[in-house]
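Asker: curious how this folds, go ahead:
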Amino acid sequence: RVKLMWLNYPHMPTGAKARMETFEKAIDFGRRHGIVIVHDNPYSFILNPEPMSILSVPGAKEIAIELNSLSKSHNMPGWRVGVAISNPEFLSWILRIKSNIDSGQFKPLMLAAAKALEEEAGWHESLNAAYASRRVIAERIMEALGCTFDPSQSGLFLWGRISDPEVDSERLADRILDEARVFVTPGFIFGHNGERYIRISLCAPEEKLSEALDRIRKAMSK
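Answerer: Predicted coordinates for the structure are as follows:
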């Protein structure tokens, strides 16, 4: 009785990138079982030189909906400006619900979002250069915490595995908060599969990340 299957690549919180094979299998599965495939794709342009869309699979629009958000791609968090792409029937379902929830965005926000969408690739390149610099420091923080990570991750976060088998994410996050006054996101908040992981945000400026690195190194050396 499943009606909908949800995918999210580049994945949050792990940063794993999409594979075309995954999209092809998902579309085939949805078509054979009559299940709508929804792909949430807000991190498509963040540290991801080869963005992918599930709608690039032939026939995908017949069974899939793809979502994106200017919150991530254009630094507009809180503006609530997003995109849904699919066939007319599926979009009519969304509009039926939306019409009972709100009556449209504030017009200045929509005009600003339209202007943002006119930006050329150079804007994203400069933004990703800033994220890449922050990512280097975030990786050093992971190393200082004794965590391993996949360097191919995309998106606004760095996901790392805790090496010490005696320490879980809650204990490590609490220690860093208590001793270094730095907050790292404990993976358990994403479910039990995240209990051995932590996540670091790339939304902070370099100077703040560097300060966090210094504090953590001092705390871990005690």
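
Asker: so the most centrally placed residue in the chain, which of the three states?
Answerer: With distances taken as CA atoms, centre = their mean, the chain has residue 12 as the residue nearest its mean C-alpha position (4.1 Å). Assigned with DSSP: H, G, I helix; E, B strand; the rest coil, residue 12 falls in the coil class.

Asker: and residue 7, that one's in a strand?
Answerer: Yes. Under three-state DSSP, residue 7 sits within a strand.

Asker: so what's it bridging to?
Answerer: residue 39 (DSSP bridges).

Asker: that one: how many residues sit nearby?
Answerer: Residue 7 has 17 neighbours, counted by other CB atoms under 10 Å. In short, each C-beta sits where N, CA and C put it, glycine included.

Asker: which residues touch it?
Answerer: Counting by CB atoms under 8 Å, 6 or more residues apart in numbering, residue 7 touches 22, 23, 26, 37, 38, 39, 40, 54.

Asker: which of those are buried?
Answerer: 23, 26, 37, 38, 39, 40, 54 (16 or more other CB atoms under 10 Å).

Asker: list just the nearest of those residues to residue 172.
Answerer: Proximity of the buried ones among the contacts of residue 7 to residue 172 was ranked by CB to CB; the top entry is residue 40 with 28.3 Å.

Asker: give me the nearest residue to that closest one, chain neighbours excluded.
Answerer: Once flanking residues are discounted, residue 40 sits nearest to residue 8: 4.4 Å by CB to CB, 6 or more residues apart in numbering.

Asker: burial of the one you found, as a residue count?
Answerer: 17.

Asker: just confirm it contacts residue 39, I think it does.
Answerer: Yes. Judged on CB atoms under 8 Å, residue 8 makes contact with residue 39 at a distance of 7.3 Å.

Asker: can you pull out the strands in this structure?
Answerer: 4-8, 36-40, 64-69, 82-85, 147-149, 157-162, 185-186, 197-201 (DSSP state E).

Asker: buried ones in the last one, by neighbour count?
Answerer: Looking back up the chat, that one is strand 197-201. Residues of strand 197-201 classed as buried by neighbour count (16+ other CB under 10 Å): 197, 198, 199, 200.

Asker: ok, the last one to residue 213 distance?
Answerer: Shown here: residue 200 relative to residue 213, a distance of 10 Å by CB to CB, to the nearest Å.

Asker: need the overlap of contacts for those two.
Answerer: Joint contacts of residue 200 and residue 213 (CB under 8 Å, 6+ apart) are residue 141.

Asker: can I see the domain layout of this structure?
Answerer: Split into domains by automatic domain parsing, the chain comes to 4-112, 121-220.

Asker: could I get those domains as a markdown table with mean pLDDT?
Answerer: Below are these laid out as a markdown table (pLDDT from 0 to 100):
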| stretch | mean pLDDT |
| --- | --- |
| domain 4-112 | 94 |
| domain 121-220 | 96 |
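
Asker: quick one, helices of the chain?
Answerer: 20-33, 70-73, 88-98, 107-116, 121-144, 169-180, 206-220 (DSSP state H).
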